[in-house]
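Engineer: Just need the structure, nothing else, for what follows:
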Amino acid sequence: MVQHYSIAEIANALGAQAVGDVNLEITHAAEPQHAEAGALALAMKPEYADGLTEGGAKAAILWDGADWEALGLKAAIFVPRPRYAMSGLTQLMDPGPQIAPGIHPSAIVDPSASISEGAAIGPLVVIGADVSIGKNARIASHVSIAEGATIGDDALILQRAHIGARVIIGNGFIAQPGAVIGADGFSFVTPEKSNVEQARESLGGQAASSQQSWTRIHSLGSVVLGNNVEVGANSTIDRGTIRDTSVGDGTKLDNLVHLGHNVQVGRDCLLCGQVGIAGSVRIGDRVVLGGQCGVSDNIFVGDDVIAGGGTKILSNAPAGRVLLGYPAVKMDTHIEMQKALRRLPRFMKSLREGK
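Structural biologist: Residues are numbered from 1 along each chain as shown. Predicted coordinates:
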C-alpha cells in the first residue's frame, strides 16, 4: 500500500514553514530532475533549481528565500538547515522492516528469558537463558542472543546479528545485518617472550628465530553499550578480557568497524566504515574517525578529535586535534608535508644540477 503525505504533515514533522497548497499530497521524495508529479523534490540549494525544470514535481523542499511560484511549484517547504531536515523527512517516510508482532512460531526462546510487551520477534530467532528484552523491541530473522544478555527498550536488531553472552545494551539500540556484539577478544600469549614483544622492544630490530605457539587468553569481560547506539552491518565489538568493552550513549558505528577487546569509546562518536581500533584504546567523547582510520593499541584519543579518512593514530592524540595521515599529524601539517613531497623531485633535480 502506497503511503500518502500532505505538505502540511511533512512541514509539521520537520518543524518547518509550508506555503501554497499545503493539502497537496505526495508519495515519496526524489532528486529534482527525477521528481514526477507525485514526488517531493529535494531542491535544498539554489544550484538544484535547474533540476526542477527537468522534473515534474509540484512540491519541493527549498532553500530559504527561494521564489517557489517562479519555479512553477504549487507548494513548498522552507528549511533553514537542509541536511538536518533530511533526518526528519526520512524518519517520517521510512516504514522500517516488516516484523510481525509477537513471537514467530519458529523462534526458539528459552523459558527463562524475559520478553517485554510490544516485542516483535521474527522467524528462526534464538534467545538464550536469562536474556532480558525490553519493550517494543523488534528482532528480525536469524538473530541469536546468547545467555544473560540484556537489551533495552525500542531495539531494532536486523537479520543475522549476534549478541553475545552477558552483553548489556541500553535503549534505542540499532544493529544492522550481520553485526556481532560480544565475540571473544583476539588475545594470545607465548610461554616465552614472543618475537612480537622482542620486535617492539628493539623498535624493529631483527626478531629472534624460534618456534612459538600461541596460547589463548580467554575473554571474561563482556560488552556494555549505552543508549541510542547504532552498529553497522558486519561490524564487530569484542568482549573485554577482564573489564568490559564499552561504548557510550549516542555513538554510531558504520559498516565493517572493529572494536578490539577492552576498548572504551565515549559518547556521541562517529566511527566510519572500516575503522579498526586495537585493544585497550580509550576514545573520548564526540570523536569522529573517517573511513579506514586505524588506532594503535593502548593509547588515548581525546575528546573532539577528528581524523580524516585513512589516518593511522599511533600515539596519544590530544583533545580537539584535527588529524590526517600515516602516521597521524595535525591536518595542516600533513597538507604542508604533501606539498613538500610533490616538490621533492624538482628539488632533487635542481640539487643534482647544482642550481
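Engineer: what stretches of the stretch 101-250 of the chain score poorly on pLDDT?
Structural biologist: 205-210 (pLDDT under 70).
Engineer: In contact with G134, which residues are there?
Structural biologist: Counting by C-beta atoms under 8 Å, 6 or more residues apart in numbering, G134 touches S116, I151, G152, D153, D154, A155, N171. C-betas here are computed from N, CA, C, even on glycine.
Engineer: Then Q212?
Structural biologist: Q212 neighbours (C-beta under 8 Å, 6+ apart): T190, E192, S194, N195.
Engineer: Repeat that for T245.
Structural biologist: T245 makes contact with 185, 221-224, 237-239, 259-264 under the criterion C-beta under 8 Å, 6+ apart.
Engineer: please redo it, this time with the cut-off set to 10 Å
Structural biologist: Contacts of T245 were listed using C-beta atoms under 10 Å, 6 or more residues apart in numbering, and they are 167, 181-182, 185, 219, 221-225, 237-239, 259-265, 277, 279-280.
Engineer: Settle this for me: L259 is touching L271, isn't it.
Structural biologist: Yes. Assessed by C-beta atoms under 10 Å, L259 is found in contact with L271 at 8.1 Å.
Engineer: thinking again about what came up before, counting neighbours, which of the contacts of G134 comes out on top?
Structural biologist: Using other C-beta atoms under 10 Å as the neighbour test, the contacts of G134 are led by I151, with 27 neighbours.
Engineer: Can you tell me the closest non-neighbouring residue to that residue?
Structural biologist: On the basis of C-beta to C-beta, 6 or more residues apart in numbering, the spatially nearest residue to I151 that is not a chain neighbour turns out to be I169, at 4.7 Å.
Engineer: Identify the contacts common to L259 and L271.
Structural biologist: V231, S235, V247, L253, V265, I277, I283, V295.
Engineer: show me where the stretch 201-350 of the chain has helices.
Structural biologist: Assigned by DSSP state H, counting those that start in this stretch, the helices in the stretch 201-350 of the chain fall at 331-352.
Engineer: as a whole number, average confidence for stretch 302-315?
Structural biologist: Average pLDDT, stretch 302-315: 98.
Engineer: Buried residues, that stretch. List them.
Structural biologist: Within stretch 302-315, the residues scored as buried using 16 or more other C-beta atoms under 10 Å are G302, D304, V305, I306, A307, G308, T311, K312, I313.
Engineer: same deal with stretch 314-332?
Structural biologist: Within stretch 314-332, the residues scored as buried using 16+ other C-beta under 10 Å are A317, R321, V322, L323, L324, G325, A328, V329, M331.
Engineer: Identify those among these that sit within strands.
Structural biologist: With DSSP state E as the criterion, strands contain V322, L323, L324, V329 from among the buried residues of stretch 314-332.
Engineer: ok, the residue nearest to I151 touching G152?
Structural biologist: Yes. The pair I169 and G152 passes the contact test of C-beta under 10 Å, sitting 6.0 Å apart.
Engineer: and for these two, which residues touch both?
Structural biologist: S132, G134, L225, G226, N227, V229.
Engineer: among these, who's most crowded?
Structural biologist: The residue in those with the most neighbours, by other C-beta under 10 Å, is L225 (29 neighbours).
Engineer: Tell me the confidence at the closest residue to G250 other than its chain neighbours?
Structural biologist: Once flanking residues are discounted, G250 sits nearest to D268: 4.2 Å by C-beta to C-beta, 6+ apart. Looking at D268, its pLDDT reads 98.
Engineer: Please verify my assumption that D268 contacts I283.
Structural biologist: No. Assessed by C-beta under 10 Å, D268 is found out of contact with I283, at 11.2 Å.
Engineer: And these two? Which one has more around it.
Structural biologist: The neighbour comparison of D268 against I283 (other C-beta under 10 Å) goes to I283, with 27 against 15.
Engineer: do you know how far that one is from T190?
Structural biologist: 29 Å (C-beta to C-beta, to the nearest Å).
Engineer: picking that back up, ok, now which ones touch the residue nearest to I151?
Structural biologist: By C-beta under 10 Å, 6+ apart, the residues touching I169 are 132, 134, 145, 149-152, 155, 157, 163, 175, 181-182, 223-227, 229, 231, 247.
Engineer: What of G128?
Structural biologist: Counting by C-beta under 10 Å, 6+ apart, the residues that G128 touches are 108-110, 112-113, 144-149, 163-165.
Engineer: how does it look with 7 Å?
Structural biologist: Contacts for G128 (C-beta atoms under 7 Å, 6 or more residues apart in numbering) come out as D110, I145, A146, E147.
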